[in-house]
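1. predicted model, plus sequence, below.
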There are 2 protein chains.
Amino acid sequence: MNESLLKNSVGIVKPQKFHFGSPLHLRSGKVLPNFDLVFETYGKLNTNRSNAILVCHALSGDHHAAGFHSSEDKKAGWWDACIGPGKVIDTNIFFVVCPNNLGGCAGSTGPASIKPETGKFFGPDFPVVTVDDWVNSQAMLADKLKISKWAAVIGGSLGGMQVLKWAISYPERLHSAICIAAAPKLSAQNIAFNEVARQSITNDPDFCKGHYLDKGTYPKRGLTLARMVGHITYLSDSAMRAKFGKTVSDFEKEGDNFGRDLRAGTLSFGFNVDFQVESYLHYQGERFSKNFDANTYLLMTKALDYFDPSFDFNGDLSKAFSASKCKFLLVSFSTDWRFPPERSREIVNALLNTRKEVSYLEIEADQGHDAFLMPIPRYTSALKSYLYRMYDEIKDNAP
Amino acid sequence: MNESLLKNSVGIVKPQKFHFGSPLHLRSGKVLPNFDLVFETYGKLNTNRSNAILVCHALSGDHHAAGFHSSEDKKAGWWDACIGPGKVIDTNIFFVVCPNNLGGCAGSTGPASIKPETGKFFGPDFPVVTVDDWVNSQAMLADKLKISKWAAVIGGSLGGMQVLKWAISYPERLHSAICIAAAPKLSAQNIAFNEVARQSITNDPDFCKGHYLDKGTYPKRGLTLARMVGHITYLSDSAMRAKFGKTVSDFEKEGDNFGRDLRAGTLSFGFNVDFQVESYLHYQGERFSKNFDANTYLLMTKALDYFDPSFDFNGDLSKAFSASKCKFLLVSFSTDWRFPPERSREIVNALLNTRKEVSYLEIEADQGHDAFLMPIPRYTSALKSYLYRMYDEIKDNAP
């Protein structure tokens, strides 16, 4: 392994798995009689168990947030840029826990798991799970780890929604809620894109009504297409332009000549790939389709669509937060058109209405929704300083 | 027929069809040895043949721009809001011509036509056509109609791109170019969405590699999905919100209570339709899929992707326009995120660089890209006054 990769890294990590034998009552009314959660931890839990941070993953994430699984591993965990010794979430002082969510496909019980009662894959029979259910199962994980109160619960996008729900459902069990690039609920446009992704998958004849694993196949084309749609919404128009070609006005701004570098080569005058962005999306989509379960993708999009913490409070988001006791940090990114800054400001306003302690950071960044994963200096330095200050507040808390 | 529908209408119209026996050399290098164009006309050509306006349609449009096809017809042509006696394009003074583009599926030669040589459908063998090819075929139509110079060529979206190409390819043959809600070429994001639409269609097993007509089937699910994707990009986020539900901040702005009316009813906790926007998109997509040819849809998206009039001028859009002699009107809409105002301003800037007479109108409108089809007062009154002033300039032109 390249030594430089290990610099400031949590190093080689090993996922752990807990079995939960007690039933989980889901928001849908269904009950999971028992389940597994796979998770990773980084850093050390202090003796008074006050320095634990829960990291919640987004749609396509998992428990592998930092470090490497083996010395041959070339790719670090999905948030390695921010988790490690001396990094934003400094594992020299914090104990970080990141579980794979229920319904996931990286080791926690989900559609690609074997249903113990039948010995067959859950497949489409796995119940629809919600952000509420995830937060409840994460609380069970905290119990088992004997963490009565998180120093912080932190996450971006769908992960940020779990953060909000933690603050509402378990007001005594977190000191800080850090919600990045999220929204109080989806817009009609967000839901529309999710529905397109779902249709892409279920239209694929290899989907077999969700029983593709039993049939020894998988909906590669459908999942590829779903991911292509998603990917477009994660990138800003300007990020795409920077990656795949410039418009006339870009060149004007830069004082450069006019360009036409969107093209991948000579036009095919057919239906082959003609533009760089097409081959990029195909590549990203196909790569994703090999490593992700289609039923899980469907479940994750529904969890997004269903998220609405105000629902139980007659649509009043402020009321939803009224019992919360933690402090809040909200972060948004200027070119994120999936969950734009105005959606974070809705949350900030709801929190202010109910007199919570809230900080809000709006970061200028060109990368669109994906920015939340990137080490953008103003973002990471602000987050890091927030966490260090918080550490001083919580480090001596009683167990 | 309801009499009120006929008020200010061009009334019952009958499409005409011309056969062109001379070959059309396509941009791709291929040749169409002969072809048909179907078109409609409204109003009367004056004696000196100076009052003709060419209307160019967009991706899913056709030659039926105004009026009704029969007394049972409940739906008027696609731009009936703007074409008729006393309307924006006033058929009391103008003679309006609207053809269905080559490769279309409404009567002009296209993939759903019978190839004379084989007696079978063209299907996927119909050549890829470009905006350049359309403009050339429209010029042949003008020849046949003995219209040597259009008073105006006008179109929105992909129609606006044809307008630009007219000004470049046939500088002597139009007095005015009116280009609405268009762009000088597609962005990477635009192309990405088109590629998703194409994949949706070609992934459908009923697409049969384009030979679905020969096989007596059609890719309904694929075309539905493609249209769903398109439809999302035609509507602004705010238009969707207005149609399908409001966010917390909307209700705050309006001083109303918080709402949750995105939902279609009780959540299914399954993969049924849960939100109004889903059923709307399904309905729109399915309705479209019944009336449109999938191969044509593929061709239209490629014509969009390939459009780049600067390409033959070393990427310099100003140079592309340097030989143009017409005056220009550009129109854009504030919430159009498919072809936003900045893309129209790129065209305006290129025209100014080469000292053309250009007017530019940026309209505040909530409807996104679709706004160009709608009778928005500031838009229609400006366009109408522009056309009346133009009429005074051209009405006495020599034939």
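-> Nice, I can see it.

2. which residues of the stretch 251-399 of chain A fall in strands?
-> A:327-333, A:358-363 (DSSP state E, counting those that start in this stretch).

3. which of those is buried the deepest?
-> Of all these, strand A:327-333 has the most neighbours on average by mean count of other Cβ atoms under 10 Å in any protein chain shown, namely a mean of 25. C-betas here are computed from N, CA, C, even on glycine.

4. report the beta-bridge partners for the residue nearest to A:Tyr379 when sequence neighbours are not counted.
-> Leaving aside its sequence neighbours, A:Tyr379 sits nearest to A:Ile363 (Cβ to Cβ, 6 or more residues apart in numbering or on different chains; 4.7 Å). Applying DSSP bridges to A:Ile363 yields these beta-bridge partners: A:Phe333.

5. how close does the residue lying closest to A:Glu357 once chain neighbours are set aside sit to A:Leu164?
-> In space, and not counting its chain neighbours, A:Glu357 is closest to A:Lys327: 4.2 Å by Cβ to Cβ, 6+ apart. Using Cβ to Cβ, to the nearest Å, A:Lys327 is found at 13 Å from A:Leu164.

6. lowest-pLDDT helix or strand in chain A?
-> Within chain A, no helix or strand scores below helix A:248-253, which has a mean of 44 by mean pLDDT, DSSP states H and E.

7. near chain B, which residues of the stretch 101-250 of chain A?
-> Contact residues (Cβ under 8 Å from any Cβ of the partner chain) of the stretch 101-250 of chain A with chain B: A:127-128, A:184-189, A:191-193, A:195-196, A:198-200, A:202-205, A:221-222, A:224-225, A:228-229, A:232, A:235, A:237, A:240-241, A:243-245, A:247-249.

8. now those residues: which count as buried?
-> Buried by 16 or more other Cβ atoms under 10 Å in any protein chain shown: A:127-128, A:184-189, A:191-193, A:195-196, A:198-200, A:202-204, A:221-222, A:224-225, A:228-229, A:232, A:235, A:237, A:240-241, A:244-245, A:247-249, out of those.

9. could you list the low-pLDDT ranges of the stretch 1-150 of chain A?
-> Across the stretch 1-150 of chain A, the ranges flagged by pLDDT under 70 are A:1-2.

10. in it, which spans are helices?
-> A:3-6, A:131-144 (DSSP state H, counting those that start in this stretch).

11. in its sheet, what does the helix or strand that the longest one is followed by sit against?
-> Reading on from helix A:131-144 to the C-terminus, the next helix or strand found by DSSP states H and E is strand A:150-156. Take DSSP bridges as the rule and strand A:150-156 pairs in its sheet with strand A:52-56 (parallel), strand A:174-180 (parallel).

12. could you dump the ones you listed into a markdown table with mean neighbour count added?
-> Shown next, in a markdown table, are the strands paired with strand A:150-156 (neighbours: other Cβ atoms under 10 Å in any protein chain shown):
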| stretch | mean neighbour count |
| --- | --- |
| strand A:52-56 | 28 |
| strand A:174-180 | 26 |
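
13. return the most buried member of the helices of the stretch 1-150 of chain A.
-> In terms of average neighbour count - mean count of other Cβ under 10 Å - the standout among those is helix A:131-144, at a mean of 20.

14. next, the angle strand A:150-156 makes with that helix.
-> 150 degrees (axes from the mean of the first three to the mean of the last three Cα atoms, to 10 degrees).

15. surely A:Val273 is in contact with A:Tyr280?
-> No - contact between A:Val273 and A:Tyr280 fails when scored by Cβ atoms under 8 Å: they sit 9.5 Å apart.

16. show me which of those two is the more surrounded one.
-> More crowded of A:Val273 and A:Tyr280, by other Cβ atoms under 10 Å in any protein chain shown: A:Tyr280, with 20 against 15.

17. nearest spatial neighbour of that one, skipping sequence neighbours?
-> Nearest non-adjacent residue to A:Tyr280, counting by Cβ to Cβ, 6+ apart: A:Phe244, 6.7 Å away.

18. pLDDT score assigned to the one you found?
-> Per-residue confidence (pLDDT) for A:Phe244: 80.

19. residue contacts, it?
-> By Cβ atoms under 8 Å, 6 or more residues apart in numbering or on different chains, the contact list for A:Phe244 reads A:262, A:275-277, A:280, B:188.

20. cool, and A:Ala65?
-> Counted by Cβ under 8 Å, 6+ apart, A:Ala65 has contacts A:40, A:42, A:55, A:57, A:77-80, A:83, A:96, A:98.

21. try A:Leu6
-> A:Leu6 touches A:Phe68, counting by Cβ under 8 Å, 6+ apart.

22. gap between it and A:Asp73?
-> 11 Å.

23. same deal with A:Asp305?
-> 34 Å.

24. higher neighbour count, the two?
-> Between A:Asp305 and A:Asp73, counted using other Cβ under 10 Å, A:Asp305 has the larger neighbour count: 23 against 15.

25. what about the residue nearest to that one when sequence neighbours are not counted, distance to B:Lys215?
-> Of all residues beyond its chain neighbours, the one nearest A:Asp305 is A:Ile191 (5.2 Å), with distances taken as Cβ to Cβ, 6+ apart. Computed as Cβ to Cβ, the A:Ile191 to B:Lys215 distance reads 35 Å.

26. ok so, going back, the residue nearest to A:Asp305 contacts A:Lys302, correct?
-> No - if you go by Cβ under 8 Å, A:Ile191 and A:Lys302 don't touch, sitting 10.0 Å apart.

27. let's see the longest helix along chain A as PDB, backbone CA atoms only.
-> The residue-count maximum for a helix in chain A (DSSP state H) belongs to helix A:377-394. Below are the C-alpha coordinates for helix A:377-394, written out as PDB (Å, rounded to 0.1, in the frame of the first residue of the first chain):
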ATOM      1  CA  PRO A 377     -11.400  24.900   2.600                       C
ATOM      2  CA  ARG A 378     -14.000  27.300   4.000                       C
ATOM      3  CA  TYR A 379     -16.400  24.400   4.600                       C
ATOM      4  CA  THR A 380     -13.900  22.100   6.300                       C
ATOM      5  CA  SER A 381     -12.200  24.700   8.400                       C
ATOM      6  CA  ALA A 382     -15.600  26.000   9.700                       C
ATOM      7  CA  LEU A 383     -16.800  22.500  10.500                       C
ATOM      8  CA  LYS A 384     -13.500  21.600  12.100                       C
ATOM      9  CA  SER A 385     -13.500  24.700  14.300                       C
ATOM     10  CA  TYR A 386     -17.100  24.000  15.200                       C
ATOM     11  CA  LEU A 387     -16.300  20.500  16.300                       C
ATOM     12  CA  TYR A 388     -13.200  21.500  18.300                       C
ATOM     13  CA  ARG A 389     -15.200  24.100  20.200                       C
ATOM     14  CA  MET A 390     -17.900  21.500  20.800                       C
ATOM     15  CA  TYR A 391     -15.300  19.000  22.100                       C
ATOM     16  CA  ASP A 392     -14.300  21.500  24.800                       C
ATOM     17  CA  GLU A 393     -18.000  21.600  25.900                       C
ATOM     18  CA  ILE A 394     -18.600  17.900  26.000                       C
END
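
28. hey, where'd the helices end up in the stretch 151-300 of chain A?
-> A:158-169, A:188-203, A:220-234, A:237-244, A:248-253, A:276-291, A:294-306.

29. now tabulate those in a markdown table and tack on distance to B:Leu158.
-> A markdown table is the format used below for those (distance: least, Cβ to Cβ, whole Å):
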| stretch | distance to B:Leu158 |
| --- | --- |
| helix A:158-169 | 36 |
| helix A:188-203 | 21 |
| helix A:220-234 | 20 |
| helix A:237-244 | 19 |
| helix A:248-253 | 19 |
| helix A:276-291 | 19 |
| helix A:294-306 | 31 |
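
30. weakest of those helices in terms of mean pLDDT?
-> helix A:248-253 (a mean of 44).
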